[in-house]
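> Give the three-dimensional model of this entry:
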Amino acid sequence: MAKRVIENRPFDEINVGDTAEVKHTLKQSDIVAFASLTGDINPAHLDVEYAENTLFHGIIAHGMLGGSLISNVLGTKLPGPGTIYMGQTFKFMRPTRAGDTITARVTVREKDEEKKRLILDCVVVNQNDEEVISGEAKVLAPTDKIVRALKPVPEIELVEPHVPLYSKLIQRQAPLPAMITAVVMPVTNVSLMGAIEAKDERIIEPILIGPRAKILEVAEKEGIEIGDTTIIDTPDEDAAACKAVEMVQDGSVEAIYKGHIHTPNLLRAVLHHNGGISVGRRMSHVFIIEAPTYAKPLFITDAAINIEPKLNEKKDIVQNAIDLFRACGFGTPNVAMLSASEVVDPKMPSTLDADAITKMAERGEITGGNVFGPLAFDNAISKSAARTKGINHKVAGDADILVTPNIESGNMLFKQLCFLFDLEAAGLVMGAKVPIILTSRADEASTRLASCALGLLYANRDKIGS
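Predicted coordinates:
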């Protein structure tokens, strides 16, 4: 097969009156791609509702999209490779739309032998031979013959605009009122900014608890506008945590947001201050992540609180995760009990626990989800891997919730996924009377907002249903 080439027409081979053209049928994807490339996101080109009420009564293509085809002709056909653009005029006569077939044509009008320059008449016409654009181009023509093998051009794939995880979580339900939230020790830029960002997004209504002077100092230093946000003055983090628990107990807040306080200190108050606010179940942490190669959100537990949970504690961890999944309105989850193998092996305690948890769920001791294990990670998320291993269960290869054997495996799994693949995530502590939003100093703003949104959904679980 002959190699495809691109070649030019040097100045000496060009005569006045020579012409060349290219033809293209416009698609809406062309218009969107041009908007993305140039940043020209005028709603006349992208917003159907807006465009219907304009002079043109519908979406039109950018004028310069048609004009760019003139550049195509000059750069690839006449004169072709080696051409240097020196000037261009355009007059736009009528719009073009998706579905129009437009032809861009250039014709040599003048040659400057001394300077090797050309002046070309330019026109773009539609399928009805009506002029869309007219103009004039001035170019410096190449003097040497150029023949090059055609280089393949990558195809453009249009990807839908990114919607943050917190927006997706909120959009799962009709607008919910902001959740009144006790923010414990917002005395750093990250902790205070996270609460105020969530307030600005109308996800939470924060009550800031901690040393008032320190909170105001951080707000002023970092330029954080806290406005009329309520501040409850407490001397230290222990007092702040206890105050937050008291506010849960008297019903004045619907959630707790961890600021700059050590997690064990916060959880100690949650468990023990004035009887605590536990619901009698082991507290555990649940992450939710979105992976582009997995078809649905993936919940991971417990990667943050329980170090080496025993069997009954794992039972609670599983139930907490199921409750959160259903509170988000996702329905009935498939729960995979992870281990290094899908075979029960007495030498591997996590496989024994996974098998026992599966049987507990079968007996109704765990409700609201399909629970199965042990499963290796690949068998939990890949149907192909599960089939290869001969695992025939609805959870295998289609997990919604991954239950890890201990905090080490859970924490490593979560961080590997997030940091290697730049995934968005959210997290919540379950097992208390209200959701506890446990954020990290390393969390991005989107993670803090998504965690607040997750808490909002759980706090309104009775309205959302499952």
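
> so where is this structure shaky, pLDDT-wise?
Scanning the chain for pLDDT under 70 picks out the ranges 1-3, 172-174, 441-442, 464-466.

> if you set the cut-off to 80 instead, what comes out?
Counting by pLDDT under 80, the low-confidence segments of the chain come to 1-3, 158-168, 170-175, 440-446, 462-466.

> Residue ranges of each domain in it, please.
Using automatic domain parsing, the domain ranges for the chain come out as 8-149, 166-464.

> can you give me the end-to-end distance of the first one?
Spelled out, it's domain 8-149. Taking C-alpha to C-alpha, to the nearest Å as the measure, domain 8-149 stretches 12 Å from start to finish.

> how much distance is there from that domain to the middle of the chain?
Centre-to-centre, domain 8-149 and its host chain are 36 Å apart (C-alpha atoms, centre = their mean, to the nearest Å).

> do the longest one as well
When C-alpha coordinates are averaged (C-alpha atoms, centre = their mean), domain 166-464 and its chain have centres 19 Å apart.

> Contacts only, for I300.
For I300, the contacting residues are 286-289, 401-402, 404, 410, 413-414, by C-beta atoms under 8 Å, 6 or more residues apart in numbering. (Each C-beta comes from the backbone N, C-alpha and C, glycine too.)

> Show me what it is bridged to.
F287, L402 (DSSP bridges).

> How much space separates it from G427?
Using C-beta to C-beta, to the nearest Å, I300 is found at 9 Å from G427.

> what do the two both touch?
Common neighbours of I300 and G427 (criterion: C-beta under 8 Å, 6+ apart): 286-288.

> Can you add neighbour count and give those residues back as CSV?
Converted to CSV, those look like this (neighbours: other C-beta atoms under 10 Å):
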residue, neighbour count
V286, 28
F287, 28
I288, 26
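
> Out of those, which comes closest to S29?
Using C-beta to C-beta, I288 comes nearest to S29 of the shared contacts of I300 and G427, at 32.3 Å.

> Name the SS class of I256, please.
strand (DSSP: H, G, I helix; E, B strand; the rest coil).

> does it have beta-bridge partners, and which?
I256 has these beta-bridge partners by DSSP bridges: A182, I436.

> gap between it and I437?
7 Å.

> How about A425?
Counting by C-beta to C-beta, the gap from A425 to I437 is 13 Å.

> N126 contacts A104, doesn't it?
No: N126 lies out of contact with A104 (C-beta atoms under 8 Å); the separation is 11.1 Å.

> out of those two, which sits in the busier spot?
Neighbours around N126 and A104, counted as other C-beta atoms under 10 Å, are more numerous at A104. The numbers are 24 against 18.

> Quick check: phi and psi on the closest residue to that one other than its chain neighbours?
Once flanking residues are discounted, A104 sits nearest to L69: 3.5 Å by C-beta to C-beta, 6 or more residues apart in numbering. Per-residue torsions, L69: phi -70, psi -30 (degrees, to the nearest 10).

> picking up where we left off before, between the contacts of I300, which is nearest E110?
Of those, the one sitting nearest to E110 (C-beta to C-beta) turns out to be I289, at 63.3 Å.

> re earlier: can I get the shared contacts of I300 and G427 in TSV including distance to Y166?
What follows is the shared contacts of I300 and G427, written out as TSV (distance: C-beta to C-beta, whole Å):
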residue	distance to Y166
V286	16
F287	14
I288	11
